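> Sequence first, then the predicted structure, then my questions.
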Amino acid sequence: MADMRVKIGEYEFVNPVGAASGTFAYGIEYQEFFDISKIGAVFTKGLSYEPIIGNAPPRLHETASGLLNSIGLQNIGVEAFCAEKMPLLREANATVIANVFGSDADGYKRVVDRLEREDGLAGYELNLSCPNVKAGGISFGTDPKIVRALTAQIRSMTKRLVIVKLTPNVTDIIPIAQAAKDGGADAISAVNTLLGMAVDLKKRRPALANVYGGLSGPAIKPVALRVIHQIYQKIDLPLIGIGGIRDAKDALEFMVAGATMVQIGAQNYRDPFSTLNIARDMEKYLDDHKIPSVAEMTGSLIS
Amino acid sequence: MADMRVKIGEYEFVNPVGAASGTFAYGIEYQEFFDISKIGAVFTKGLSYEPIIGNAPPRLHETASGLLNSIGLQNIGVEAFCAEKMPLLREANATVIANVFGSDADGYKRVVDRLEREDGLAGYELNLSCPNVKAGGISFGTDPKIVRALTAQIRSMTKRLVIVKLTPNVTDIIPIAQAAKDGGADAISAVNTLLGMAVDLKKRRPALANVYGGLSGPAIKPVALRVIHQIYQKIDLPLIGIGGIRDAKDALEFMVAGATMVQIGAQNYRDPFSTLNIARDMEKYLDDHKIPSVAEMTGSLIS
Amino acid sequence: MKKVIAKVVSRRLFDGGYLRLQFESDEIAHAAKPGQFVNILTNPSLKPYLRRPISIEDVDNDKKTVSLLIKVVGPGTQSLESAQVGDQLDILGPLGNGFDMDSLAPNTLLVAGGIGVAPFLYLSRTVAGGSKEIFLHLYAGGASKADLPSWDDFHGLTATRKAATEDGSFGKKGLVTDVLKNDLGKFDPKQTTIFCCGPTPMMKAVFDIAIGCGIPCFVSLETTMGCGIGSCLGCVAQIKDQDDAIDHLRVCKDGPVFDASRLTWEGMR
Amino acid sequence: MKKVIAKVVSRRLFDGGYLRLQFESDEIAHAAKPGQFVNILTNPSLKPYLRRPISIEDVDNDKKTVSLLIKVVGPGTQSLESAQVGDQLDILGPLGNGFDMDSLAPNTLLVAGGIGVAPFLYLSRTVAGGSKEIFLHLYAGGASKADLPSWDDFHGLTATRKAATEDGSFGKKGLVTDVLKNDLGKFDPKQTTIFCCGPTPMMKAVFDIAIGCGIPCFVSLETTMGCGIGSCLGCVAQIKDQDDAIDHLRVCKDGPVFDASRLTWEGMR
Ligand SMILES: Cc1cc2nc3c(=O)[nH]c(=O)nc-3n(C[C@H](O)[C@H](O)[C@H](O)COP(=O)(O)OP(=O)(O)OC[C@H]3O[C@@H](n4cnc5c(N)ncnc54)[C@H](O)[C@@H]3O)c2cc1C
Ligand SMILES: Cc1cc2nc3c(=O)[nH]c(=O)nc-3n(C[C@H](O)[C@H](O)[C@H](O)COP(=O)(O)OP(=O)(O)OC[C@H]3O[C@@H](n4cnc5c(N)ncnc54)[C@H](O)[C@@H]3O)c2cc1C
Ligand SMILES: Cc1cc2nc3c(=O)[nH]c(=O)nc-3n(C[C@H](O)[C@H](O)[C@H](O)COP(=O)(O)O)c2cc1C
Ligand SMILES: Cc1cc2nc3c(=O)[nH]c(=O)nc-3n(C[C@H](O)[C@H](O)[C@H](O)COP(=O)(O)O)c2cc1C
Ligand code: FES
Ligand code: FES
C-alpha cells in the first residue's frame, strides 16, 4: 500500500488531502460522518478576532459547474473557536490548520496571538483574499509588499506552519508568491475563489445581495491548475492546490502540476465524505499504478 | 415587435448579438448556414499582418462547462483576408468588425493600415490579450499606459469604430478600461479567455501542447458578468459583453449588467446558428415582456 | 443526520408537475421529526451542482420509508422526476430542527401555500397519533386544484380543512390568507399558534395577520442551500434580537422553522 | 454541410461496448461520401460541452438513412448509447473531405484498427457498386473478437479480408500490422494504395511499412474537435511541405484523410 504521508516543513501529514476553509465548518462538525483525524488536515472556517455576522442573504448562487458565494466571512470569532471547537478538535486528534484573517495587519496578528496560546494546532493559513480596509478594500493578496510584511509578521510569532493562501484575481501571481516565500511562509495554498457575479434576470437584480461573490467548483479548476503550475515553475516552496477538485483524479492532477497537498472545497457540500474518499481513491490509484509514495506525484509533469 | 437596433458611436447595429472572434472563422464561412447580415456583427478571427501558423496540437481540451484552447492566433494574414474574404463579406452585406493584433504596437498599426484601404468594414476590435513581445510576452492588456497609447494610435488612423477587447486576467480592470477610454475607444469588449491549464493524468503531460490555454464557455460567465458590471459602474463607454453566453437569457443578463451588445463565442461550436437564434429569442423575450426596445435593457440592474 | 444510499420504492406523478417519491431508509425514517428535510444529490454529474433540499412529507407506520412531495421546477427536481422505482438516491437526512412540538397550541393552524403543504402531512399524522389534545386546522392555498395534490391525504388527520385556489377550481376562490383572516375571529389567540409554509410573500402576509391578532407564528423558510448541514453558512436568514441587533442564522441547521417575529425578512425571495 | 435534427431509426448494441445507430436524414445520406463524418450534439446540457465527431459508417441504398458505429468511451458516446429509437439528434454533416476516390489503386488495402474500421464499410460498398475495377483488401485488427463488430457486414464487399486480434480470439493472433507486413509482397507497389484508420501508433506503423515498400498511404486522423466545420482551428494536424516548412491543417475541413507522408505526427495522440 502506497505511502500517503507528505511533509510541509517539519510537519508530516497523514495524507495530502485537506478540507478547504469555509467548506468544512470548524471541522469537528464532520466528526459525526467520519473520523476526521483520517484526513490530511482540516482548514477551519476563516477566523477573525471578533465574531462577524457576514453579508445579508442571498449568499449563494449556482452557476455552470460552479458556485458563487458571498458569505462575507461570517464566523464565531477566535475566542469562541478556542472555547467551543478546539477542545473537541484536540479530542478528535484532528490535524487542524486555522484559517485566519483580519481587516488590517493587526487583525491577523491578534487572531494568531490568541491561537498561539492554544494547544493542538498544526499551523495557520493566512487568507489574503479578504479586503484590506486600510488600503481601500483591495484585497491583501494583490500587493507583494503587503503580502511579504504580513507573512513576516506572522512568521515571527510562531513556530507552527505558516501557509499563505493566495487569490487568483491578480495579473501576475509570481511576485505575490515570491513575497510569501520572502516573508518566511512554509507553503502557499492556491487558489481562493475567482471574483464573479450573477444576475437574476426576472428580478433585474444581482443574484447575491453583495452583488459580487467568489466562484468555486469545477468551473475554476483550469485556472487553479494553471496558478499552481506557474508557481511551481518559479518558486521553491511546497504548494497546496485548491479549486474544483471533485475526485482523486483531479487531486492527482494538481499534484502532478506541482502541489504537495490539495484541499477539497465545494465538493464537501456535494458529499461530506469527499475528503476521506478522495484520499482513499488516490491510494488505490497509486497502488494500481505501483507508485510507492504519493509524494512522488508532486511536480511529475513531463513537459 | 421590439426594436432590436443598438448604437455604438454613430454606428447602428441591426441587433446586439455579435459572433466572437475566433469562434466564427472569418464570418463568410457561416453564410452557408444563414444570412450573416442578420446578426449584429461578425468579429473576425484575429488578423495579423503576416499569416501565422499558430501552436502545435493538441490545441483543445474540454473542461467542466468550458473549453481550453491554445490556437496560438493562427490566421491567414490581413492580405489574404482582404483578397479572399472581404469581397464575399461585402457581397453578403455583413456588418464586419476586424479583430486585429500584433506582436508589437507596429503590428497592430500595419493591419489597420491595410484594412483602411478596404471598403465594407464597420470597425476594429483590438485584441489586447495577446503577448507583447517587446514587453517580455506579458499581454498588452495588463498595462494601462500601453493600452492608452495603442488605442490612441489606432484611433488616429481611422474614423471607423475602435473597440478595445480586454483580458480578464488582471488585478483591477478599471485602470485598463479607463485607459481605453482615454485613448479614444468607442467601446470596450470584455472578456477574452481566462488563462488556464489542464493535465492529462494518464500521460503526465499538459493536455495542451502549449501548456497554458484560454478558458471560455459557461464556466467563465460569472467572471465575465462581474467585469462588465465593474466597468459599467465606473466608465462611461458602451460595453460589449462576452463570456459563456449560451442563450437569450444569458445575453440579456449581460445587458442588464451594463452591456450594449454581446458576443457569442464557444457556443457557436455547439450550434452554428446560435447568434441568429439568440437574437431571435431576445426579441421574443422583449415582446413577451412588452419592452419596446432592447436598448432599454442596458444597465437596467436594480441594486 | 446520516448519509444514505436509498432505494426508491414508489413514485407517483400528479397533474400540475407534482411528484411523490418514496424511498427506503429506516435510519432516516426513525430519526425524522415533522418539519425536517433531506438533502438529495439529484444528479451525480454536475447539473445541478448542489444537492436539493426537500421536506419530509411523511414517514410510514413501520418507519421504514420516507415520502417526499416534489414540485418539478428546474434541473434538480427534473432529475428526481426521472428517478425510477429501484433507483438509488444519495440522501443526507434528516436535517434541521423541524417544528417545535412544544409550540403546538390547542388550536394549531397549518397555513400552506402550494408545495409548502408537504411537511404538514407528517406533522398532522404525528399530532393525530399523539397524546396531547390538539386541534389542527389546515388552510391550504394554491393557484389551482392541481396545486393541492396531497389534499386527500389529510383526510381524518385535522379537525378542519379549508382550501383556497386562485382560479376557484377548488375550495374558496382567492387567497388562502383571506380565508385565514376571515376565520381567525373563531380562535382564542392565547390558545392558538400558526405554523406556516409557502412562498415568502404569503408567509409575510400570514405573519402580519398573526401579529395583528397576537397569535404566535412559526414559518418554515426556503433559501438556497450549499451543504444543508450547517457548514457553508450560505442559507442564512437574517434575524434581529430584542435590542434590534442583527445576526444571521442557518436555515438548514438553526431552522428551517423560525419564530416569524425574529425575522427581518431581508433577502428572502 | 447541413444541420439536421434527425430521428434515430435503429439502435443495436454489440458486445465490447459498441453501438450502431441509424438515423434518418436524406440530406446527409445524399451528400455523404466515404470517409466523411458527422458532428453530433450528444447532450443538449453541458456534459459533454462539445459535439462529438463520428464517421459515417454506411448509407442505405435509398439514401435515406445513415448509420454510425460507435465505441462507448466517455460522456459523449455514453449519451449516444442512451439514445432510443425515435429520439432526435442534432447533427452537422456530412463533414470533411473523406477518402480521395482518385487515389484508389487497383489494389486498395484498407487497414483498420479497432473502431477505425467504421468508415471502410461505406467506402467498400461504394467501390463495390462502382464501375472501376478495384480490388479491396481489408485488414482489420482489434484487441479481441468483440472489437470487430462490423466484420460480417463486409461480406461480399471486399476481394479479401483478414483479421488479427491481440488475444487470438478471431483471425490471426497478433497485430494487424504484422499481417499486413507479411502480405505486402503480394502487391505491386505501383498498383497499390493503403487507406488506414485507427489509433495513432498503429497508423504510424502502417505508414512506416508503406514507405518501406513505396506504397502511398492515406490516414484518417482523429483529433479533438471544437466545431467540426473549419472554424475554430482547434483540430489541426501538423504537416510539412516539400521544403520542410511547417503548417497546420484542419482535420475537420482539410481532412480527416491525409497523405501520411505530409504529416509530422506532432501532438497526435
Ligand atoms: C428546507 C426546504 C424544504 C423544501 N421542501 C420542498 C418540498 O418538500 N417539495 C418541493 O418541491 N420543494 C421543496 N423545497 C424547494 C426545493 O428545494 C426547490 O424547489 C429546489 O431546490 C429547486 O431545484 P431545481 O434544480 O429543480 O430548480 P432551480 O433551478 O433551483 O429553480 C428553478 C426555477 O424555479 C424557481 N424555484 C425554485 N424553487 C421554487 C419553488 N419552490 N417554487 C417555484 N419556483 C421555484 C427558481 O427561482 C428558478 O427560477 C424546499 C426547500 C427548502 C429550503
Ligand atoms: C473524424 C473522426 C471520426 C470519428 N469516428 C468515430 C466513429 O466512427 N466511431 C467512434 O466510436 N468514434 C469515432 N471517433 C472518435 C470519437 O469522436 C471519440 O471517441 C469521442 O469523441 C469520445 O467522446 P466521449 O465523450 O465519449 O469520450 P471522451 O471523454 O472524449 O473520451 C473518454 C476517454 O476515452 C479516450 N478516448 C477518446 N477517444 C477514444 C477512442 N477513439 N478510443 C479509445 N479511447 C478514446 C479519451 O482519451 C478519454 O480518456 C471519431 C473521431 C474523429 C475525429
Ligand atoms: C461558501 C464558501 C466559503 C468559503 N470561506 C472561506 C474562508 O472563510 N476562508 C478562505 O480562505 N477560503 C474560503 N473559501 C474558499 C475555499 O476554501 C476554496 O479556496 C475555494 O472554494 C476553491 O475551492 P473549490 O473550488 O474546491 O471550492 C470559501 C469557499 C466557499 C465556497
Ligand atoms: C478557439 C478560440 C479562438 C479564439 N480566438 C480569438 C481571437 O483570435 N481573437 C480574440 O480576440 N479572441 C479570441 N477568442 C476569444 C473569444 O472571442 C471570446 O472572447 C472568449 O471565447 C469568451 O467567450 P465565450 O465564453 O462565449 O467563448 C477565441 C476563443 C476561442 C474559444
Ligand atoms: S446550507 Fe450550508 S449552512 Fe445551511
Ligand atoms: S474542429 Fe474546428 S476547425 Fe476543425
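Sure thing, it's come through. Ligands and ions are numbered 1, 2, ... in the order given.
> three-state assignment of the closest residue to C:Pro34 other than its chain neighbours?
Across the structure, with C-beta to C-beta, 6 or more residues apart in numbering or on different chains as the measure, the residue nearest C:Pro34 apart from its sequence neighbours is C:Leu123 (3.6 Å). All C-beta spots, glycine's among them, are computed from the backbone N, C-alpha and C. Secondary structure of C:Leu123, reduced to three states by DSSP: H, G, I helix; E, B strand; the rest coil: helix.
> Kindly state the beta-bridge partners for A:Lys165.
Residues in a beta bridge with A:Lys165, per DSSP bridges, are A:Asn127, A:Ser189.
> Please report how far C:Lys47 lies from D:Tyr49.
Separation of C:Lys47 from D:Tyr49 (C-beta to C-beta, to the nearest Å): 12 Å.
> And for A:Val161, the neighbour number?
No Val there; residue A:161 is Leu. A:Leu161 sits with 21 neighbouring residues when counted by other C-beta atoms under 10 Å in any protein chain shown.
> what sits against it?
When the contact criterion is C-beta atoms under 8 Å, 6 or more residues apart in numbering or on different chains, the partners of A:Leu161 are A:Ile8, A:Gly9, A:Tyr11, A:Ile97, A:Ala122, A:Gly123, A:Tyr124, A:Asp186, A:Ala187.
> Neighbours of A:Ile278, how many?
Based on other C-beta under 10 Å, the number of other residues close to A:Ile278 is 26.
> Assess the claim that it and A:Met261 are in contact.
No. If you go by C-beta atoms under 8 Å, A:Ile278 and A:Met261 don't touch, sitting 11.8 Å apart.
> ranges for the helices of the chain?
Went with chain A since none was named. A:78-80, A:86-91, A:105-116, A:144-155, A:173-182, A:221-234, A:248-257, A:267-270, A:274-288 (DSSP state H).
> looking at chain C here, not the other one
So, for chain C - with DSSP H - the helices run C:26-31, C:75-81, C:118-128, C:176-183, C:200-213.
> ok, and does the first one reach over to chain A?
No. Helix C:26-31 stays clear of chain A (C-beta under 8 Å from any C-beta of the partner chain), getting no nearer than 12.3 Å.
> Give the rounded mean pLDDT of that helix.
In this model, helix C:26-31 has a mean pLDDT of 95.
> what sits up against stretch A:294-303?
By C-beta under 8 Å, 6+ apart, the surrounding residues in contact with stretch A:294-303 are A:2-7, A:15-16, A:229, A:232, A:252, A:255-260, A:282-283, A:286, A:291, B:199, B:203-206, B:211.
> Can you check the distance spanned by it, start to finish?
This stretch, stretch A:294-303, spans 20 Å end to end (C-alpha to C-alpha, to the nearest Å).
> Over to stretch A:253-268?
Chord length of stretch A:253-268, first to last residue, is 19 Å (C-alpha to C-alpha).
> Also stretch A:69-83?
Stretch A:69-83 end-to-end distance (C-alpha to C-alpha) = 28 Å.
> on that earlier part again, who has more neighbours, C:Lys47 and D:Tyr49?
The residue with more neighbours, out of C:Lys47 and D:Tyr49 and counting by other C-beta under 10 Å, is D:Tyr49; that gives 25 against 18.
> With B:Arg246 as the reference, measure out to that one.
With distances defined as C-beta to C-beta, the gap from D:Tyr49 to B:Arg246 amounts to 10 Å.
> Pull up the overlap in contacts between the two.
Any residue near both D:Tyr49 and B:Arg246 by C-beta under 8 Å, 6+ apart counts here, and that gives B:Pro218, B:Arg270.
> shaky segments in chain A?
Per-residue confidence of chain A (counting by pLDDT under 70) places no residue in a weak region.
> Most proximal residue of the stretch 151-269 of chain C with respect to ligand 2?
C:Gly226 (28.4 Å; C-beta to the nearest ligand atom).
> Could you pull up the residues touching the closest residue to A:Leu150 other than its chain neighbours?
Closest residue to A:Leu150 apart from its sequence neighbours, by C-beta to C-beta, 6+ apart: A:Ala105 at 5.5 Å. Contacts for A:Ala105 (C-beta under 8 Å, 6+ apart) come out as A:Ile146, A:Ala149, A:Leu150, A:Gln153.
> picking up where we left off before, if I look at the residue nearest to C:Pro34, how far off is C:Phe195?
For C:Leu123, the distance to C:Phe195 equals 7 Å [C-beta to C-beta].
> any idea how far A:Glu12 is from ligand 2?
Going from A:Glu12 to ligand 2 by C-beta to the nearest ligand atom, to the nearest Å gives 34 Å.
> Oh, that last question was meant for C:Gly16, not what I typed.
Computed with C-beta to the nearest ligand atom, the distance linking C:Gly16 and ligand 2 is 37 Å.
> mind listing what that residue touches?
With the criterion set at C-beta under 8 Å, 6+ apart, C:Gly16 makes contact with C:Ser144, C:Ala146, C:Asp147, C:Pro149.
> now C:Ser103
Listed by C-beta under 8 Å, 6+ apart, the contact partners of C:Ser103 are C:Thr193, C:Pro216, C:Phe218.
> Nearest to D:Glu133, out of the residues you listed: which one, please.
When the contacts of C:Ser103 are compared for distance to D:Glu133 (C-beta to C-beta), C:Phe218 wins out at 88.7 Å.
> Chain neighbours aside, what residue packs nearest to residue 76?
Just so you know, I chose chain A. Counting by C-beta to C-beta, 6+ apart, the residue nearest A:Ile76 is A:Pro51, at 5.4 Å.
> think we crossed wires, I meant chain C
What sits nearest to C:Gly76 in space, not counting adjacent residues and going by C-beta to C-beta, 6+ apart, is C:Arg52, at 3.9 Å.
> what's the spacing between the residue nearest to A:Leu150 and ligand 5?
When C-beta to the nearest ligand atom is applied, the distance between A:Ala105 and ligand 5 equals 30 Å.
> before we move on, what about C:Pro199?
Summarising the geometry, the distance separating C:Pro199 from ligand 5, computed by C-beta to the nearest ligand atom, is 20 Å.
> can you tell me which residues contact the nearest residue to that residue once chain neighbours are set aside?
The shortest distance from C:Pro199 to any residue that is not its chain neighbour, by C-beta to C-beta, 6+ apart, is 5.2 Å, and that residue is C:Gly113. Remark: with contacts taken as C-beta under 8 Å, 6+ apart, C:Gly113 is in contact with C:Gly141, C:Gly142, C:Val176, C:Cys197, C:Gly198, C:Pro199, C:Met202, C:Met203.
> what do you get if the cut-off is 10 Å, keeping everything else the same?
When contacts are counted by C-beta atoms under 10 Å, 6 or more residues apart in numbering or on different chains, C:Gly113 touches C:139-143, C:147, C:164, C:175-177, C:196-203, C:205-206.
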